[in-house]
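*Asks:* Here you go, sequence then predicted model.
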Amino acid sequence: MFSRRAFLGIVPALPLGLSAQAPTPPATPPAPRFPAQDDDSVREIVGVSHNNLARVKELVNARPALARASWDWGFGDWETAIDAASHVGNRPIVEFLIANGARPTIFTAVMMGQLATVKGSIEATPGLQRMRGPHGLTMMSHARAGGEGNTEMVKYLEALGDADPKYADLPLTEAEQGAIIGTYSFGPAANDRLIVAKGTRWFSIERAGGSPRNLFHQGGLAFLPAGAEAVRIRIEPGGAALVVEDGPFVMRAKRA
């Protein structure tokens with residue numbers, strides 16, 4: 001048996017103020033939408049799933065749930081990681097995402113040339129071929145993204161006759177074009193701005209610091225943003241203001 005004095009003699013002394021228990025590392029502050037995954041990671045995985053397999057693997061291996069992530073690019077134009085890879089025809093990324101829990105869609109099946117799956121789905125749901133994917137991209141667009149090996153899918157969709165619907169995009173006069181281009185303010189923050197610009201093919205709209213969305217003129221200076229058919233963006237006569245209408249949500253932004 002040891003006396004208290006003998007016991008203390010064989011136990012190494014600890015510095016004052018410390019205990020034998022290892023210190024607890026500082027906790028990582030949660031993201032603003034915790035427990036939902038942080039916006040930066042979600043946006044990145046969807047973005048890189050178009051063309052960067054190495055980065056997709058890094059992100060998904062670190063956080064497997066990102067294989068199923070979905071991002072709203074604007075006005076309800078939702079896109080999942082597998083949607084991104086599907087509409088650009090990136091088979092290696094599609095296969096990696098599926099192997100890690102991503103949920104393939106009918107558009108994935110179209111791009112991958114899974115003819116029996118696509119035929120069965122359209123037979124079960126007549127008119128399905130007219131459905132649009134992210135960014136308003138059609139089934140035919142996904143079939144063509146599948147490349148030269150997807151000719152049977154292209155032929156099948158061509159035979160249906162309505163698998164490649166186009167958005168109406170009515171012409172604008174020079175005066176109308178000049179009137180709508182500009183920056184519209186809807187709040188005091190630096191990025192509370194909507195920017196309407198003219199590209200090589202279409203007009204576009206983007207929030208300052210965000211991603212541009214293509215606009216399609218429906219007549220009367222009312223526009224449909226790609227991938228969000230229920231939304232209307234209206235430019236008031238002379239371009240004094242821009243109005244976004246999304247169901248009960250209505251926002252008016254004044255020209256800055």
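*Replies:* The structure has been received and is ready for your questions.
*Asks:* next helix or strand past the helix or strand of the chain with the lowest mean pLDDT?
*Replies:* Here the helix or strand of the chain ranked lowest by mean pLDDT, DSSP states H and E is helix 4-10, holding a mean of 51. Later in the chain than helix 4-10, the nearest helix or strand by DSSP states H and E is helix 39-48.
*Asks:* next SSE after that next one?
*Replies:* Downstream of helix 39-48, the first helix or strand assigned by DSSP H and E is helix 53-62.
*Asks:* Please identify the buried residues of the next helix or strand after that next one?
*Replies:* Next along the chain after helix 53-62, taking DSSP H and E as the criterion, comes strand 70-72. Under the neighbour-count criterion of 16 or more other Cβ atoms under 10 Å, strand 70-72 has W71 buried. Heads up, the C-betas are built off the backbone N, CA and C, glycines and all.
*Asks:* Pull up the pairing partners for strand 70-72, direction included.
*Replies:* Sheet pairing of strand 70-72 (DSSP bridges) gives strand 78-80 (antiparallel).
*Asks:* pLDDT averaged over the helix or strand following the strand it pairs with, what's the number?
*Replies:* Heading C-terminal from strand 78-80, the first helix or strand you meet, by DSSP H and E, is helix 81-87. Averaged across helix 81-87, pLDDT comes to 98.
*Asks:* ok, now stretch 94-103?
*Replies:* In the prediction, stretch 94-103 has an average pLDDT of 98.
*Asks:* is it true that N90 touches N52?
*Replies:* No. Look at N90 against N52 with Cβ atoms under 8 Å: they stay out of range, at 9.3 Å.
*Asks:* More neighbours: which of the two?
*Replies:* Set N90 next to N52 and count neighbours by other Cβ atoms under 10 Å: N90 wins out with 22 against 16.
*Asks:* what sits against L170?
*Replies:* L170 sits next to H217, Q218, G219 when contact means Cβ atoms under 8 Å, 6 or more residues apart in numbering.
*Asks:* Relative to Q218, how far out is it?
*Replies:* With distances taken as Cβ to Cβ, to the nearest Å, L170 is found 7 Å from Q218.
*Asks:* Then A145?
*Replies:* For A145 relative to Q218 (Cβ to Cβ), the value is 27 Å.
*Asks:* Of these two, which one has the most company?
*Replies:* A145 (19 against 16).
*Asks:* Spatially nearest residue to the more buried one (excluding sequence neighbours)?
*Replies:* G89 (3.6 Å; Cβ to Cβ, 6 or more residues apart in numbering).
*Asks:* Tell me who's in contact with that neighbour.
*Replies:* M111, A145, G146, G147.
*Asks:* just the buried members of those?
*Replies:* By 16+ other Cβ under 10 Å, the contacts of G89 give M111, A145, G146 as buried.
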